[in-house]
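Undergrad: Need a 3D model of the sequence below.
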Amino acid sequence: MSSRTSDSITSHDRLANAIRFLAIDAVEAANSGHPGLPMGAADIATVLFTKVLKYDPSRPFWPDRDRFVLSAGHGSMLLYSVMHLAGYEKVTIDEIKRFRQLGSLTPGHPENFVTEGIETTTGPLGQGIATAVGMAMAERLLAARFGSDVVDHYTYVLASDGDLMEGISQEAADLAGHLKLSKLIVMWDDNKISIDGPTSISGSTNQLARFAASGWATAAVDGHDPEAILAALEAAKASDRPTLISCRTTIGFGSPKKAGSEKVHGSPLGAEEIVATRAALGWESPAFVVPEDALNGWRAAGAAGRATREAWEARFAARPAEERTEFERRVAGTLPAALEGAIVAAKEKAVKDGGAVATRKSSEMVLDFITPAVPEMVGGSADLTGSNNTKAKGAKSVTPDDFSGSFIHYGVREHGMAAAMNGMALHKGLIPFSGGFMVFSDYCRPAIRLAALMGERVIHVLTHDSIGLGEDGPTHQPVEHLAALRAIPNLLVMRPCDTVETAECWQIALQSTDRPSALILSRQNLPILRTDATAVNRSAEGAYEILAASGPAQASLFATGSEVSLAVEAAKLLEAQGVPTRVVSIPSFELFLERPAAERAKVIGDAPAKVAVEAAIRMGWDAIVGSNAAFVGMTSFGASAPAKELYAHFGITAQQVAARALDQLRQA
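TA: Okay, here's the model as predicted:
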C-alpha cells in the first residue's frame with residue numbers, strides 16, 4: 001500500500017493532471033497529435049521535473065543543467081505542457097493553443113532549433129535515446145577535463161516501446177553499458193501499446209533482461225505511483241551503471257473509454273470523451289485554463305532551480321580565469337586562434353613531402369596538426385580505426401574507467417555512433433568526428449539527417465569512397481552514396497583531391513558551426529596537385545580552376561576527389577592534340593552552389609566542350625555543369641578487382657574523358 005498522504009496525493013495529481021489536460025486540449029484544438037503518451041506519462045514527468053531534474057527555466061542553457069530527452073517525440077505535448085507550467089518564458093499558453101500550427105513554437109515533434117529549452121530534435125524513434133548516450137558521454141569527457149565542480153549533471157530520457165523496438169536502441173544501450181555511463185537514466189513508458197495495438201502482436205522481448213545483459217542497472221515500477229518513481233530515480237542516481245526504469249503506465253490515463261488502447265495513441269479524444277475524462281479526473285477547469293494552485297505549484301518547482309544554478313555560477317567564478325575562459329570558449333563553440341596556423345603547417349608539410357597518398361591518410365596527417373590546436377575535438381571510428389585513419393598521433397582512447405582520452409572506439413555500431421556524435425555536439429563543449437566506410441553511411445543516414453536538420457557541427461569521415469577501394473567489391477563500393485548525401489539539405493559534403501585540399505576541407509568543417517560535414521576520402525593513393533601552402537582556402541570556394549589551359553579554353557574538365565588527377569591527365573592528352581584544356585576541382589557542390597550565379601558562371605566558363613568525371617552516378621552534376629555536358633562515371637554497381645582494373649573496366653580513364661571532350665568539339 002502506498003505511504004503517500006492525502007495531501008501529497010492531491011498535490012501530485014493536480015500537477016500531473018495539469019499536464020494531461022493541456023495536452024488533451026492542444027491535441028483537440030489542432031485536431032492532430034498524440035494525447036495518449038502525455039496522459040500516461042504525466043506522473044513520470046511530474047516527479048522528474050518537480051523533484052529530481054536540475055534546471056532553471058530562466059536560463060535554459062546554463063552549462064551544468066541536467067539534460068532531458070523526450071525520445072518518444074510524438075508525445076511532444078508532454079514536454080510543451082511541462083515547459084509552460086514550469087515557467088519557460090517563450091512557451092506561452094498561446095503557443096500551447098497553436099500546437100502543430102505553422103510558425104508556432106510547439107511543432108508536432110520537439111525541435112531544438114524552434115523551441116528554446118528543447119535539448120534535441122526527436123521524432124524518429126530510437127534517435128533520442130541514442131543521442132542521449134552522446135550527451136552522457138560528453139558530460140563524462142568534459143568532467144574529466146574541467147572537474148566535477150564545473151561539470152556534474154545527469155541525462156534523463158523518456159522512451160517509448162517504439163524507441164526500444166528500433167535497432168539503434170541496442171547499439172546505444174550496448175555502448176552506454178560498456179562505457180558505464182552511470183549518469184544516464186532512461187525511463188521507459190511501458191504502456192504496452194503501439195499504433196497497431198498491443199505490443200504483444202509484434203514482439204515479446206524482455207527489455208529489462210536485454211538492457212541488463214548490456215551492463216545496465218534495471219528497475220520496474222508502477223508509472224502512476226510518484227513515490228515509487230522517485231525512489232527508482234534516486235536509486236538510479238546512486239548506481240555505477242546506466243539505468244533503465246520500466247514505468248508501467250496506462251496510455252491515455254483517465255479516459256473512460258480509450259485508456260489502455262491504441263485509440264488514444266495518435267488521435268484526439270473527441271469532445272464527448274474529453275468531457276468524460278474531465279469528470280473522471282475531477283478537472284473542472286475549461287480548455288487551456290490551469291487552476292491557480294496547480295500553476296503555482298509548477299512555477300515554484302521551476303523557480304527552485306535558480307539557487308542551484310547560481311551556486312554553480314559562484315563555484316565557476318572562483319575557478320582560475322584561464323580555465324573559465326577555455327571552458328566558455330568551448331561551450332560557445334568558438335575555435336582557437338591556433339587552428340589557422342595548424343592548417344598552414346599541414347599544407348606546408350604536404351607540399352614539402354610530395355608523393356602520392358590516399359586522402360584517408362592525408363586526413364590522418366592533418367589531424368596530427370589540428371587536434372593539438374583544437375583540443376575539444378573528440379574522434380572515433382566504427383571498428384575501422386586503421387582504415388579510416390581517424391586516430392591522431394598521441395590520441396588516447398577513452399575507456400569505461402578513464403574519460404581523459406579523445407578517441408572513442410564505437411565498435412561496429414555506425415548508427416549509434418552517428419547519433420551519439422549528435423548528442424555530444426548538442427551538449428556543447430566538444431567537436432565530435434568519427435570514421436566509417438562511405439558505403440555504410442546508409443546505416444548513419446537518419447542521424448546525419450537529424451544533425452543537418454538541427455544544424456549541429458558533427459564531422460563524418462567517410463573513407464573508401466568509390467570503386468577505387470578495389471577488391472572488396474560492389475557491396476563495399478559506393479556508387480549512389482555521393483548523390484544521396486548531397487541530397488540532404490544543410491549537409492556539407494566535401495571530396496578533396498589531395499592532402500592540401502583535405503586540410504582545407506577539415507578547416508571548413510571545423511568552421512561550419514551550423515551544419516554537419518561529410519569528408520569523402522579515398523583508399524587509393526592520389527598525387528599532390530596543389531603546391532600552394534598559404535592561408536588562402538581555395539576549397540572554400542566550392543570549385544576553382546586547378547589547372548589553366550594553354551590558351552583560350554576549348555575544353556573544361558570538372559572533377560572531384562580521386563578523379564581530379566585523372567582529369568589533369570586527360571587535359572594533358574588534349575593539350576597534346578592542340579586543344580587548350582582547363583581543369584576545375586570541385587571539392588564541394590554545396591559551397592559552390594552557395595556562390596552568386598555570376599561567380600559560378602565564371603568558374604564553369606564558356607568552353608565548347610564540357611566533361612564532368614566522378615566515380616559515382618551523374619545525379620546532381622547537371623546543377624553544376626548543365627545537362628549538355630558529357631559525364632564519365634558509374635551507371636551500375638561495381639565489381640571485385642584491383643582498383644586500376646576497375647577504372648579501366650568501367651571506362652573512367654583519362655583517355656575516355658579526352659575522347660568525350662573531342663566528341664563534343666566535333667559536334668559544336
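
Undergrad: From now on I want contacts and neighbour counts done on CA atoms only, so please keep to that.
TA: Fine.

Undergrad: and for the helix or strand bottoming out on mean pLDDT in the chain, what are the contacting residues?
TA: Within the chain, no helix or strand scores below helix 6-30, which has a mean of 90 by mean pLDDT, DSSP states H and E. By Cα atoms under 8 Å, 6 or more residues apart in numbering, the residues outside helix 6-30 that reach it are 33-35, 38-39, 42-43, 45-46, 77-78, 81-82, 96-101, 226, 267-271, 274, 281, 283, 287-288, 290, 294-295, 297-298.

Undergrad: Tell me the helix or strand right after that helix.
TA: helix 36-47 (DSSP states H and E).

Undergrad: Can you show me the CA trace of that following helix as CSV?
TA: Taking C-alpha atoms only, helix 36-47 is exported to CSV below (Å, rounded to 0.1, in the frame of the first residue of the first chain):
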residue,chain,number,x,y,z
GLY,A,36,-2.0,9.1,-25.1
LEU,A,37,1.6,9.4,-24.0
PRO,A,38,1.3,12.7,-22.2
MET,A,39,-1.8,11.4,-20.4
GLY,A,40,0.0,8.1,-19.5
ALA,A,41,3.4,9.6,-18.6
ALA,A,42,2.3,12.7,-16.8
ASP,A,43,3.1,11.2,-13.4
ILE,A,44,6.6,10.3,-14.5
ALA,A,45,7.2,13.9,-15.9
THR,A,46,5.8,15.5,-12.8
VAL,A,47,8.1,13.6,-10.4
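
Undergrad: Does that helix pack against any helices or strands, and if so which?
TA: For helix 36-47, the elements it packs on are helix 6-30, helix 76-86, helix 226-237, judged by 3 or more Cα pairs under 8 Å, 6 or more residues apart in numbering; DSSP states H and E.

Undergrad: Quick one, which of the contacts of helix 6-30 are buried?
TA: 33-35, 38-39, 42-43, 45-46, 77-78, 81-82, 96-100, 226, 267-269, 274, 281, 283, 288, 290, 294-295, 297-298 (16 or more other Cα atoms under 10 Å).

Undergrad: quick check, distance from stretch 511-519 to the centre of its chain.
TA: 11 Å (Cα atoms, centre = their mean, to the nearest Å).

Undergrad: and what of stretch 476-484?
TA: On Cα atoms, centre = their mean, the centre of stretch 476-484 falls 20 Å from that of its chain.

Undergrad: likewise stretch 69-81?
TA: On Cα atoms, centre = their mean, the centre of stretch 69-81 falls 19 Å from that of its chain.

Undergrad: okay, how far is it across it, tip to tip?
TA: 15 Å (Cα to Cα, to the nearest Å).

Undergrad: same question for that stretch, mean pLDDT?
TA: Model confidence over stretch 69-81, given as mean pLDDT, is 98.

Undergrad: Spell out, range by range, the helices that occur in the stretch 151-300 of the chain.
TA: For the stretch 151-300 of the chain, the helices defined by DSSP state H, counting those that start in this stretch occupy 161-165, 168-179, 207-213, 226-237, 271-281, 292-303.

Undergrad: now do the stretch 401-550 of the chain
TA: 414-427, 441-454, 481-486, 499-511.

Undergrad: closest one to Ser246 among those helices?
TA: Ser246 lies closest to helix 414-427 among those, at 21.9 Å (Cα to Cα).

Undergrad: Just the buried positions in the least confident helix or strand of the chain, please.
TA: Buried residues in helix 6-30, counted by 16+ other Cα under 10 Å: 12-29.

Undergrad: And stretch 394-408, by the same measure?
TA: 395, 397-398, 403-408.

Undergrad: Tell me which entries of those residues lie within strands.
TA: The members of the buried residues of stretch 394-408 that map onto strands under DSSP state E are 407-408.

Undergrad: Reformat the buried residues of stretch 394-408 as a markdown table; add distance to Leu367 and pLDDT.
TA: Shown next, in a markdown table, are those (distance: Cα to Cα, whole Å; pLDDT from 0 to 100):
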| residue | distance to Leu367 | pLDDT |
| --- | --- | --- |
| Ala395 | 10 | 97 |
| Ser397 | 15 | 98 |
| Val398 | 18 | 98 |
| Phe403 | 20 | 98 |
| Ser404 | 18 | 98 |
| Gly405 | 15 | 98 |
| Ser406 | 12 | 98 |
| Phe407 | 12 | 98 |
| Ile408 | 15 | 98 |
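
Undergrad: Max pairwise distance over the buried residues of stretch 394-408: which two?
TA: Ala395 and Phe403 (12.2 Å).

Undergrad: Pull the contacting residues for the residue nearest to Val493 when sequence neighbours are not counted.
TA: Spatial nearest neighbour of Val493, chain neighbours left out: Ala518 (4.8 Å); criterion: Cα to Cα, 6 or more residues apart in numbering. Contact partners of Ala518, counting by Cα under 8 Å, 6+ apart, are 459-462, 491-494.

Undergrad: which one of those residues sits closest to Thr205?
TA: The closest of those, once distances to Thr205 are taken by Cα to Cα, is His460, at 33.1 Å.
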